[in-house]
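>>> Show me how the following folds:
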Amino acid sequence: MLVSDLAAPDPAAHFGSYFVFRKLEQNVRRFKQAEEDLADALGLTGDDRERAGAMLVGRFEDGTPLTNQRSDGAHEPVENNFNYDSDTDGLKCPFHAHIRKTNPRGDVFRPPIMARRGQTYGERTDDPNGDVPVSGRPTGGVGLLFMAFNADIGGQFEFTQQNWANNRDFPPTPNDIRPGLDPVIGQGIRDVDQTNTPVWGEDTFKSSAPAAQAVTLKGGEYFFMPSLAFLRSL
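The predicted structure follows:
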């Protein structure tokens, strides 16, 4: 994710990185309601209802990849070295799941992925991991501070958002099911495209309403993070 730092004493030897920052407010109540609606549509009961959220995100809340197993708690630390080679038909992790749209892991050729991290912000009065009714979840004032280092903002961050997250036809599917927008960060009108969710591991799909948009961009900026050599020369 490094590029030459033209302001450094020796640009050929010193490097910085382009930095993307976004403040993303989350309507937790709306997203949790989408999870409940999907669980009802899939006929999930008891602990299995947690899988509805994983169908939207692609991972369970503890980070377990949905493509690996149908419940959480697979590994400690959470496994991150996985792909979708065993799920080419999207029968485990839906093609519209957030992590499958923004990091297809072999579904298609991808440009170099950016180094990205997120930090929560805001104070939650509810217990995020507790058994709280949907009506008790916050509708705003909380969310995620998204940060990413890039060598090419247009070819990495903007490409991911525009060509993948906001592209209703990405990734391409073998069964002509249109993935629709990314259910987490996709921007645009939600429609009937994203209504087919697989019954985990079976060649069966259930219809459900598309998840309502629950993430709002509150602000952001592009920066250049200079090299240490430049900072030391100040």
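>>> mind listing what the nearest residue to Pro171 once chain neighbours are set aside touches?
Among residues not flanking Pro171 along the chain, Asp107 sits closest, at 4.5 Å (CB to CB, 6 or more residues apart in numbering). C-betas here are computed from N, CA, C, even on glycine. For Asp107, the contacting residues are Tyr84, Phe95, Arg100, Pro171, Pro172, by CB atoms under 8 Å, 6 or more residues apart in numbering.
>>> Tell me which stretches of the chain form strands.
Remark: strands assigned in the chain by DSSP state E are 3-4, 15-26, 115-121, 143-150, 196-198, 205-207, 215-225.
>>> Show residues contacting the first one.
Looking back up the chat, that one is strand 3-4. Pro11, Ala12, His14, Phe15, Gly16, Ser17, Tyr18, Ala151.
>>> What's the separation between Pro77 and Gly63?
From Pro77 across to Gly63, the span is 8 Å (CB to CB, to the nearest Å).
>>> And Asp152, how far from Val199?
Per CB to CB, Asp152 is found 40 Å from Val199.
>>> scratch that, Phe205 is what I was asking about
Computed as CB to CB, the Phe205 to Val199 distance reads 7 Å.
>>> Tell me which of these two has more neighbours.
Higher neighbour count among Phe205 and Val199: Phe205, with 17 against 13, using other CB atoms under 10 Å.
>>> I'd like to know how many residues surround the closest residue in space to that one that isn't next to it in sequence.
Distance criterion CB to CB, 6+ apart; nearest residue to Phe205, sequence neighbours excluded, is Asn196 at 4.3 Å. As a burial measure, Asn196 scores 20 neighbours (other CB under 10 Å).
>>> just Gly220 next, same as before
Using other CB under 10 Å, Gly220 has 12 other residues around it.
>>> How about the one 4 residues further on?
Phe224: 13 surrounding residues under other CB under 10 Å.
>>> residues in contact with it?
Applying CB under 8 Å, 6+ apart to Phe224 gives the contacts Gly16, Ser17, Tyr18, Phe19.
>>> Apply 10 Å and report the result again.
When contacts are counted by CB atoms under 10 Å, 6 or more residues apart in numbering, Phe224 touches Val3, Asp5, Leu6, Ala7, Gly16, Ser17, Tyr18, Phe19, Ile153.
>>> Which strand residues bridge it?
Tyr18 (DSSP bridges).
>>> ok, and the closest non-adjacent residue to Asp152?
Using CB to CB, 6+ apart, the closest residue to Asp152 is Tyr18 (7.4 Å).
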